[in-house]
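S.K.: Model the structure of this input:
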Amino acid sequence: MNENEQSEKIQSLNDLPKKDFFIGGSNACPGCGALIGLKLALKVLEKNTIVVSSFGCVTLLTTYPKTAFKVPFIHIPSESVAAASGIWHALKSAGKDANILCYVGDGATYDSGLQALSAAATRKDNIIYICYNNQSYTGHHRSSATPYGAKTTTTPLGSVVFRKSLAKIMASHNLHYIATANVAYPMDFIKKLQKALSFPGVKFIDLLTPCPIGWGFDSSNTIEVGRMAVQTGVWPLYEIENKKFSLTVAPQRLEPVEQYFVMQKRFSELKSGQKERIQEHIKKEWKQLLHNKYWDVAEY
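M.R.: Numbering: from 1, shown residues only. Okay, the predicted model is just below:
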């Protein structure tokens with residue numbers, strides 16, 4: 001049984017392999033959502049994996065000459081991480097195979113690295129690209145993934161625009177598999193990774209990874225904050241599989257977005273009018289998602 005076949009047998013958290021391919025001893029912050037996502041991803045992908053990343057939170061996980069990885073790790077400039085698909089082409093030429101996992105922050109995905117990601121998607125290079133999305137650059141600067149009204153070190157009074165819809169942008173590339181995920185819903189994330197392994201070309205997953213330091217909550221509450229993002233509709237969980245869109249976690253009733261705001265200091269300066277605007281935006285988007293009218297995906 002090969003590793004990909006083994007990963008398909010993960011039906012619950014109890015089925016996760018006992019072996020870790022990312023070990024302790026890194027400089028990651030307590031409660032780091034990006035670290036949780038990476039550990040889960042490597043549980044699924046296992047040892048036949050090459051991790052590629054750029055400057056960002058993941059940089060803290062490997063400080064030369066030490067590393068917390070038990071798989072190869074390659075660090076390259078943020079604007080060209082997806083160009084690491086060249087690794088896959090080199091292995092293919094040599095008659096070898098490996099899972100190429102680009103595990104990259106939102107700043108290097110939504111902004112500086114978008115051109116390389118778009119090019120790789122157009123070429124249909126065989127990589128798994130996970131954006132570990134803590135909704136700001138390292139240093140807690142604003143990125144295109146920063147939500148409306150969130151305070152950052154470069155927007156102290158909060159962003160005044162809604163975040164970019166990168167999943168929809170990637171859908172326009174006619175990929176076989178696109179998804180959103182959240183470390184607070186580990187089995188949903190794991191199932192999506194398992195699906196991603198079965199498709200050729202670029203597979204894109206936008207993974208919400210709550211950041212205690214940047215968002216302003218206690219490090220013990222990472223999972224609670226992540227779950228509330230889904231329960232309020234702030235971060236809907238869905239997939240687009242061969243152009244077919246489907247919600248993968250659908251709360252029966254959305255909680256008021258205020259419940260999400262009060263859990264984090266980054267929203268502490270929101271005015272009542274801004275909160276109402278965000279709530280209306282969520283209601284509108286959720287209605288579109290439920291009626292499957294949000295996506296206009298072209299033919300392959």
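S.K.: got a list of what residue 77 touches?
M.R.: Listed by Cβ atoms under 8 Å, 6 or more residues apart in numbering, the contact partners of residue 77 are 54-55. All C-beta atoms are positioned from the backbone trio N, CA, C, and that covers glycine.
S.K.: helices or strands up against the strand or helix carrying residue 259?
M.R.: Taking DSSP states H and E as the criterion, residue 259 maps to helix 258-261. Secondary-structure packing of helix 258-261 (3 or more Cβ pairs under 8 Å, 6 or more residues apart in numbering; DSSP states H and E): helix 222-231.
S.K.: for the helix it packs on, the distance to its chain's centre please.
M.R.: The gap between where helix 222-231 is centred and where its chain is centred comes out at 14 Å by Cα atoms, centre = their mean, to the nearest Å.
S.K.: same thing with stretch 177-191?
M.R.: Computed by Cα atoms, centre = their mean, the separation of stretch 177-191 from the middle of its chain amounts to 8 Å.
S.K.: wait, residue 215 sits on residue 261?
M.R.: No: if you go by Cβ atoms under 8 Å, residue 215 and residue 261 don't touch, sitting 10.9 Å apart.
S.K.: rewinding a little: which residues does the helix holding residue 259 contact?
M.R.: Helix 258-261 is contacted by residues 225, 228-229, 231-232, 234, 267, 270, 275 when judged by Cβ under 8 Å, 6+ apart.
S.K.: continuing past that helix, what's the next helix or strand?
M.R.: helix 272-290.
S.K.: Can I get that next one in CSV, CA atoms only?
M.R.: Listed in CSV are the C-alpha atoms of helix 272-290, where the atom choice follows Å, rounded to 0.1, in the frame of the first residue of the first chain:
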residue,chain,number,x,y,z
SER,A,272,-21.5,50.1,14.8
GLY,A,273,-22.1,51.2,11.2
GLN,A,274,-19.1,49.1,10.1
LYS,A,275,-20.4,46.1,12.0
GLU,A,276,-23.7,46.4,10.3
ARG,A,277,-22.1,46.6,6.9
ILE,A,278,-20.1,43.5,7.5
GLN,A,279,-23.1,41.6,8.7
GLU,A,280,-25.0,42.6,5.6
HIS,A,281,-22.1,41.5,3.4
ILE,A,282,-22.0,38.1,5.1
LYS,A,283,-25.8,37.6,4.7
LYS,A,284,-25.6,38.5,1.0
GLU,A,285,-22.6,36.2,0.4
TRP,A,286,-24.1,33.3,2.4
LYS,A,287,-27.4,33.6,0.4
GLN,A,288,-25.3,33.3,-2.8
LEU,A,289,-23.4,30.3,-1.5
LEU,A,290,-26.6,28.5,-0.5
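S.K.: Check which helices and strands it sits against.
M.R.: Using 3+ Cβ pairs under 8 Å, 6+ apart as the contact test, no helix or strand touches helix 272-290.
S.K.: show me where pLDDT drops low in the protein?
M.R.: Residues of the chain that meet the criterion pLDDT under 70 lie in 1-8, 293-300.
S.K.: Just give me the residue closest to the centre of it.
M.R.: For the chain, the residue nearest the mean C-alpha position is residue 207 (2.0 Å; Cα atoms, centre = their mean).
S.K.: Roughly how far does the residue nearest to it when sequence neighbours are not counted sit from residue 140?
M.R.: Using Cβ to Cβ, 6 or more residues apart in numbering and skipping residues adjacent in sequence, the residue nearest residue 207 is residue 181, 4.6 Å away. Residue 181 sits at a distance of 22 Å from residue 140 (criterion: Cβ to Cβ, to the nearest Å).
S.K.: Would you map the strands across the protein?
M.R.: Remark: strands assigned in the chain by DSSP state E are 49-53, 73-75, 99-105, 128-133, 177-182, 203-208, 237-241, 244-249.
S.K.: ok, the fifth one: who's next to it in the sheet?
M.R.: Which is strand 177-182. Sheet pairing for strand 177-182, assigned by DSSP bridges, gives strand 203-208 (parallel), strand 237-241 (antiparallel).
S.K.: okay, the angle between that strand and helix 222-231?
M.R.: 120 degrees (axes from the mean of the first three to the mean of the last three Cα atoms, to 10 degrees).
S.K.: can I have strand 177-182 written out in CSV, keeping just the CAs?
M.R.: Provided in CSV are the C-alpha atoms of strand 177-182 (Å, rounded to 0.1, in the frame of the first residue of the first chain):
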residue,chain,number,x,y,z
TYR,A,177,-9.7,21.1,-7.1
ILE,A,178,-10.1,24.3,-5.1
ALA,A,179,-11.2,24.5,-1.4
THR,A,180,-11.3,26.6,1.7
ALA,A,181,-10.5,25.0,5.0
ASN,A,182,-9.9,25.9,8.7
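S.K.: hmm, back to that, in the helix holding residue 259, what's buried?
M.R.: In terms of neighbour count (16 or more other Cβ atoms under 10 Å), helix 258-261 has its buried residues at 260-261.
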